[in-house]
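> coordinates for the following, if possible.
(one chain, ligands or ions: 2)
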Amino acid sequence: TGSSRPQRMLKAVQKNATKGDPKSVISAIDYYCRHKEWAMNVGDEKGLILDSVLTEVNPSTALELGTYCGYSTVRIARLLSPGSKLITIEFNPAFAAVARQIIAYAGLQDKVTLVEGPSGDLIPKMKERFGIKSFDFVFLDHWKDRYVPDTKLLEDCGLLRKGTVLLADNVICPGAPEYLKYVRNSPRYESQYYKSNLEYTKVEDGLEKSVFLG
Ligand SMILES: O=C(NCCCCCn1ccc2cnccc21)c1cc(-c2ccc(F)cc2)cc(O)c1O
Ligand SMILES: [Mg+2]
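Ligands and ions are numbered 1, 2, ... in the order given. Take a look at the predicted model:
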């Protein structure tokens with residue numbers, strides 16, 4: 001059997017990026033996915049919005065749901081202050097194996113804990129396993145029909161605090177309509193839509209930023 005898309009993406013990073021240089025890893029993936037083979041990374045356009053929200057929040061503890069190949073993991077981890085931590089959850093072992101190598105190639109393995117498994121099982125274990133009191137920032141980029149149940153789970157597990165910022169990818173394409181209804185109608189969130197485009201395309205997509213009000 002041949003290589004997979006994530007494996008080809010890893011090869012492109014190893015060939016075109018500089019070890020220990022997160023910016024070059026990000027550029028190598030964006031170039032590959034724009035010119036060679038599309039892949040479902042948050043991408044360079046929505047990535048700039050992710051960067052700006054991250055810089056504003058400057059989280060000490062961050063959670064990512066949906067690692068895939070580690071593109072947004074690298075985008076987030078490269079902007080974290082010393083001593084800050086990112087926990088990223090990936091369900092698919094093959095994706096996780098590639099992501100570990102891409103995160104390590106960027107030199108960010110000390111800031112990132114990659115956990116394999118379903119978010120619904122892992123979120124309730126965050127406190128006991130990783131000594132997390134609460135998250136300052138959550139990036140939602142996994143199954144779009146898990147955005148609402150997992151947000152409710154984070155609330156119920158006491159993992160959100162007043163001011164925690166949730167940033168959700170793909171709220172237009174593929175779409176997360178229930179999630180938009182949930183955060184926009186809830187008095188416990190202050191939400192804002194950032195219009196953009198689906199990674200590497202001209203199709204509309206966007207990010208929804210929601211601040212938990214406690
Ligand atoms: O499906 C997407 N992502 C989710 C992938 C699977 C996540 C599985 N997973 C990971 C952690 C985890 C924990 N618990 C349970 C499940 C878990 C996605 C799709 C598109 C897309 C695709 C085709 C198209 F034509 C247009 C758009 C674009 C994106 O940006 C996306 O993010
Ligand atoms: Mg996405």
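> which residue is the nearest non-sequential neighbour of E178?
Setting aside the residues directly before and after it, E178 is nearest to V148 in space (Cβ to Cβ, 6 or more residues apart in numbering), at 5.1 Å. Glycine gets a C-beta too; all of them are placed from N, C-alpha and C.
> any idea how far the one you found is from ligand 2?
V148 sits 16 Å away from ligand 2, going by Cβ to the ion, to the nearest Å.
> roughly how far does that residue sit from Y194?
Distance from V148 to Y194, counting by Cβ to Cβ, to the nearest Å: 19 Å.
> ditto for L159
For L159 relative to Y194 (Cβ to Cβ), the value is 24 Å.
> the two: who's more crowded?
A direct count of neighbours by other Cβ atoms under 10 Å for L159 and Y194 places L159 higher, at 21 against 17.
> quick one, phi psi at the more buried one?
In terms of degrees, to the nearest 10, the main-chain angles of L159 are phi -90, psi 0.
> for it, give me its contacts.
L63, I123, M126, K127, I132, S134, F135 (Cβ atoms under 8 Å, 6 or more residues apart in numbering).
> change it to 6 Å
Counting by Cβ atoms under 6 Å, 6 or more residues apart in numbering, L159 touches M126, S134, F135.
> same deal with L160?
Per Cβ under 6 Å, 6+ apart, neighbours of L160: L154, F212.
> let's see that with 10 Å instead.
Shown in contact with L160 (Cβ atoms under 10 Å, 6 or more residues apart in numbering): 134-136, 138, 151, 154, 166, 188-189, 211-214.
> D136 now?
Going by Cβ under 10 Å, 6+ apart, D136 touches 57-63, 84, 160-161, 163-165.
> likewise for K162?
Counting by Cβ under 10 Å, 6+ apart, K162 touches S134, R188, V211, F212, L213, G214.
> for I89, same thing?
63-67, 96, 113-119, 121-123, 126, 142, 150.
> assign it to helix, strand or coil.
Secondary structure, DSSP: H, G, I helix; E, B strand; the rest coil: I89 is strand.
> touching ligand 2 at all, the helix or strand hosting E64?
Assigned by DSSP states H and E, E64 belongs to strand 61-65. No. Applying Cβ under 5 Å from the ion, one finds strand 61-65 separated from ligand 2 by no less than 10.3 Å.
> just to revisit the earlier point, of the contacts of L160, closest to K202?
Proximity of the contacts of L160 to K202 (Cβ to Cβ) peaks at L166, which lies at 26.8 Å.
> sounds good, over and out.
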